[in-house]
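Student: next input, structure requested:
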Amino acid sequence: MKISPTFKFQFKRRKEGKTDYKRRMKLLNSGKSRLVVRRSNNYIQVQIVNFDEKGDKTLFSSNSKSLKKLGWNFSCDNISAAYLTGIKIGKEALKNNIKEVILDLGLYSSTKGNRIYSVVKGVIDAGLKIPVNENILPSNERIAGNHIASFNSKFKNLPNKFEEVKKILIEGVNK
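Tutor: Purely as a prediction, here's the structure:
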């Protein structure tokens, strides 16, 4: 007589389509801090997370909404805002002696030049090391918002504002 069950239940988060456990285990086995990038309809959320037996511990967190305090008056979910958010969290991580992280995409698909890779480029430009192919990162023209400025005259000063906020973040004048 067979004693073991004939059906094995999936984990709840796997069943709901929220977690890819195979990919997560590969990231956790690396032993590095993870750069977790999540996007909503309006903002980009970036966290640096360490694994702990009791659960993940968020070391640093940054949201693109905080760019408004630095004078950013454009959308907080575009490529430029994602890059600036990446610089911000990269500088914060360097202050606390984190020098290398690994990208955690979650369930997002990997598309060349998207907002997630814009965050990664910002973190790299801030000084952190991330193992990523340079070909997948967006171009500097897209990051500066030149494609948006050429499309609509209402956003013609976007590249200038981008450079202004970037300078503030790199110099660390306003935190």
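
Student: the residue nearest to Gly71 when sequence neighbours are not counted - how many residues pack around it?
Tutor: Distance criterion Cβ to Cβ, 6 or more residues apart in numbering; nearest residue to Gly71, sequence neighbours excluded, is Val165 at 6.1 Å. (C-beta placed from N, C-alpha, C; glycine too.) The local packing of Val165 (other Cβ atoms under 10 Å) involves 22 other residues.

Student: identify the residues contacting Val165.
Tutor: Val165 is in contact with Leu67, Leu70, Gly71, Trp72, Leu84, counting by Cβ atoms under 8 Å, 6 or more residues apart in numbering.

Student: quick one: secondary structure of the one residue sitting closest to the centre of the chain?
Tutor: In the chain, the residue lying closest to the centroid (Cα atoms, centre = their mean) is Val37, at 3.4 Å. Under DSSP: H, G, I helix; E, B strand; the rest coil, the three-state class of Val37 is strand.

Student: and the pLDDT at it?
Tutor: If you check Val37, the pLDDT there is 94.

Student: for Met1, same thing?
Tutor: pLDDT, read off for Met1, is 59.

Student: contacts for stretch 6-22 next, please.
Tutor: By Cβ under 8 Å, 6+ apart, stretch 6-22 touches Gly106, Leu107.

Student: could you tell me the end-to-end distance of it?
Tutor: Criterion Cα to Cα, to the nearest Å; first-to-last residue distance in stretch 6-22 is 23 Å.

Student: can you check stretch 6-13 too?
Tutor: 21 Å.

Student: where along the protein do the strands fall?
Tutor: Under the criterion DSSP state E, the chain contains strands at 33-39, 44-50, 57-63, 101-104.

Student: count of neighbours near the residue nearest to Phe51 when sequence neighbours are not counted?
Tutor: In this structure, Phe51 finds its nearest non-sequential neighbour in Leu28, 5.0 Å apart by Cβ to Cβ, 6+ apart. By other Cβ under 10 Å, the residues close to Leu28 number 15.

Student: can you check the one 3 residues further on too?
Tutor: Burial measure for Gly31: 9 neighbouring residues, criterion other Cβ under 10 Å.
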